[in-house]
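Trainee: sequence first, then the predicted structure:
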Amino acid sequence: MGIPHIVGDLPIPVGLSVYVNNVKAELEKKHGYKAQKYFFGGHSLGASSIGSWAHSNTDQVEGVFLWGSYVAKSVEDPVKNYGAPVLTVGAEMDGWMARITRIALAYDQMKNSEVSYQTASIRTP
């Protein structure tokens with residue numbers, strides 16, 4: 001597992017790709033681990049940041065974990081168009097970003113996808 005050391009501890013760091021590449025280089029240097037694709041995750045606003053980055057860099061993404069977050073509204077029909085498997089964990093008691101109404105909207109997006117709900121719930125976490 002790699003955790004980036006983000007200057008200023010910003011939730012939305014400028015140049016997120018630089019941090020991702022640094023973590024991948026550290027995994028290879030310290031642990032001898034190198035892969036074509038990786039799993040990425042984050043919490044709250046950090047999850048939103050890495051989720052948007054992952055959607056734009058699916059060639060590097062095996063899967064995404066979003067804790068207390070969700071796929072951005074800008075991704076139309078995320079089940080069909082995100083480009084990688086995504087697991088969202090709601091945290092409806094978070095009270096800020098992952099409020100229950102926003103989680104309900106994300107759930108509704110999934111249920112109304114062009115990909116049938118039955119297929120989506122099994123094949124697209």
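Mentor: Yep, it's here. Residues are numbered from 1 along each chain as shown.
Trainee: low pLDDT regions in the chain?
Mentor: Within the chain, the ranges that satisfy pLDDT under 70 run 9-13, 91-95, 117, 119-125.
Trainee: quick one: the strands in it?
Mentor: 38-43, 61-67, 86-89 (DSSP state E).
Trainee: dump these into TSV; add mean neighbour count and distance to residue 98 as well.
Mentor: Backbone N, C-alpha and C define where each C-beta goes, glycine included. Formatted as TSV, these follow (neighbours: other Cβ atoms under 10 Å; distance: least, Cβ to Cβ, whole Å):
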stretch	mean neighbour count	distance to residue 98
strand 38-43	19	9
strand 61-67	20	9
strand 86-89	18	9
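Trainee: quick one: these as a markdown table, columns for distance to residue 110 too.
Mentor: Output for these, formatted as a markdown table (distance: least, Cβ to Cβ, whole Å):
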| stretch | distance to residue 110 |
| --- | --- |
| strand 38-43 | 19 |
| strand 61-67 | 13 |
| strand 86-89 | 9 |
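Trainee: so who does the residue with the shortest distance to the centre of the chain touch?
Mentor: Nearest to the geometric centre of the chain sits residue 51, at 3.0 Å (Cα atoms, centre = their mean). For residue 51, the residues meeting the contact criterion (Cβ atoms under 8 Å, 6 or more residues apart in numbering) are 42, 64, 66, 69, 70, 71, 72, 86.
Trainee: quick check: bridge partners of the third one?
Mentor: Beta-bridge pairing for residue 66 (DSSP bridges): residue 42, residue 88.
Trainee: separation between it and residue 32?
Mentor: Separation of residue 66 from residue 32 (Cβ to Cβ, to the nearest Å) stands at 29 Å.
Trainee: mind checking the end-to-end distance for stretch 63-75?
Mentor: One end of stretch 63-75 to the other measures 16 Å (Cα to Cα, to the nearest Å).
Trainee: do stretch 6-26 as well
Mentor: One end of stretch 6-26 sits 14 Å from the other (Cα to Cα).
Trainee: for that stretch, list every residue counted as buried.
Mentor: Neighbour-count burial for stretch 6-26 flags 6, 13, 16, 19, 20, 23, 24 (criterion: 16 or more other Cβ atoms under 10 Å).
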